[in-house]
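> Give the three-dimensional model of this entry:
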Amino acid sequence: MNTKSLLTLAVLGTLYGPSQVWAASILGTADDFAVLAGSTVTSSGASIVSGSLGVSPGTSVTGFPPGTVIGGTIAPLAIAAQAQIDAAAAYISLAAQPFTQDLTGQDLGGKTLAPGVYRFSSSAQLTGNLTLDAQGNPDALFVFQIGSALTTASSSSVSLINGGPNDGVFWQVGSSATLGDSSAFQGNILALTSISMNPFASIGCGRALAQTGAVTMADTNEVYSTGAANCGSGLNGGTSPPAPIPLPAAVWLLGSGLLGLIGVTRRKDAAAIA
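Reported below is the predicted structural model:
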């Protein structure tokens, strides 16, 4: 993500708060990827990746086939490299958001959470089902700031209800994430190190984005990026675009001022030429 994009996000974030901004624009070019790793991507069985797959700065992709990539490509190194830059910027931005609740030491299983920013100073554990209730807000944003590791127990799940576009769920993980056997996960995992998926674990309407380490897929894993045709178990099936963001009066005033300044400059230039 370039400097101009980051500046725009900073200004809009100040005016709107995160819920109407981050979901639509934080990932930059990484938005095209379902799986992105720093060192290698491996699959040991018939895994499915819906969206692009890439590695940077590493180059190794193994297990495709028998794994398949649909609705995307195994991206060239240069494209994956830019996606890693944007994913790293997103990771930093997510980590910097002020948290609304500290859940350190609590298991996410059995909880129903409203939109917000949830902090774990160290590791986070999910055992059972976590329900994310957008409460009718189509721009709902859920951010989980996890200081070290994220781990889900076997057959754990994340359910998203009463909301809009699925790209409003982010897991910022300070080390590595491990999804247990048959876990049905949701949202975008941005891990500083690596992401491991045990047999039959899936990420519906989300992404596996690892910065420095590997994304390791075992037998019959599935990752469906937001907007993928088969992303059907999240907030709205991943098929609707984010709602337009209305510009507040402050932005209109800023824009009018800039246009006025441009007009004055042009008149001065014309007078100088005459």
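
> So what touches the helix or strand hosting residue 84?
Remark: residue 84 resides in helix 77-96, with elements defined by DSSP states H and E. For helix 77-96, the external contacting residues (C-beta atoms under 8 Å, 6 or more residues apart in numbering) are 1, 6, 9, 22, 26-30, 32-33, 36, 38, 54-57, 59, 75, 143, 145, 170, 172, 190, 192, 209, 211. C-beta here means a position set from N, CA and C on the backbone, and glycine is covered the same way.

> Run me through the strand neighbours of the following helix or strand past it, direction for each.
Beyond helix 77-96 on the C-terminal side, the first helix or strand identified by DSSP H and E is strand 101-102. Partners of strand 101-102 in the sheet, by DSSP bridges, are strand 116-120 (parallel).

> Centre of the chain to the very next helix or strand once past the strand it pairs with, how far?
The helix or strand immediately downstream of strand 116-120 is strand 124-126, counting by DSSP H and E. Centre-to-centre, strand 124-126 and its host chain are 18 Å apart (C-alpha atoms, centre = their mean, to the nearest Å).

> for stretch 28-37, same thing?
When distances are taken as C-alpha atoms, centre = their mean, stretch 28-37 is centred 9 Å away from the chain's centroid.

> distance between the ends of it?
16 Å (C-alpha to C-alpha, to the nearest Å).

> mean confidence for it?
Stretch 28-37 shows a mean pLDDT of 94 in the predicted model.

> quick revisit: chain center to the helix holding residue 84, what's the gap?
Its chain's C-alpha centre and that of helix 77-96 lie 10 Å apart, by C-alpha atoms, centre = their mean.

> go on, stretch 101-113?
Distance, centroid of stretch 101-113 to centroid of chain: 20 Å (C-alpha atoms, centre = their mean).

> Low-confidence ranges, the chain, go.
Under the criterion pLDDT under 70, the flagged ranges of the chain are 1-24, 164-167, 227-274.

> Spatially central residue in it, please.
To find the centre residue of the chain, average its C-alpha atoms and take the closest one (C-alpha atoms, centre = their mean): that gives residue 188, at 3.8 Å.

> Now list the buried members of the contacts of helix 77-96.
Among those, those classed as buried by 16 or more other C-beta atoms under 10 Å are 1, 9, 22, 26-30, 32-33, 36, 38, 54-56, 75, 143, 145, 170, 172, 190, 192, 209, 211.

> What about these, which are in strands?
When DSSP state E is applied, the buried ones among the contacts of helix 77-96 are split such that 33, 36, 54-55, 143, 145, 170, 172, 190, 209 fall in strands.

> Need the residues you listed in a markdown table (columns: distance to residue 132).
A markdown table is the format used below for these (distance: C-beta to C-beta, whole Å):
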| residue | distance to residue 132 |
| --- | --- |
| 33 | 22 |
| 36 | 23 |
| 54 | 28 |
| 55 | 30 |
| 143 | 11 |
| 145 | 15 |
| 170 | 11 |
| 172 | 15 |
| 190 | 17 |
| 209 | 19 |
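
> tell me which residues in stretch 148-164 are buried?
Of the residues in stretch 148-164, those buried by neighbour count under the rule 16+ other C-beta under 10 Å are 149-153, 156-158, 160, 163-164.

> How about stretch 134-145?
Of the residues in stretch 134-145, those buried under the neighbour-count criterion (16+ other C-beta under 10 Å) are 134, 137-145.

> Quick check: end-to-end length of it?
When the end residues of stretch 134-145 are compared by C-alpha to C-alpha, they are separated by 18 Å.
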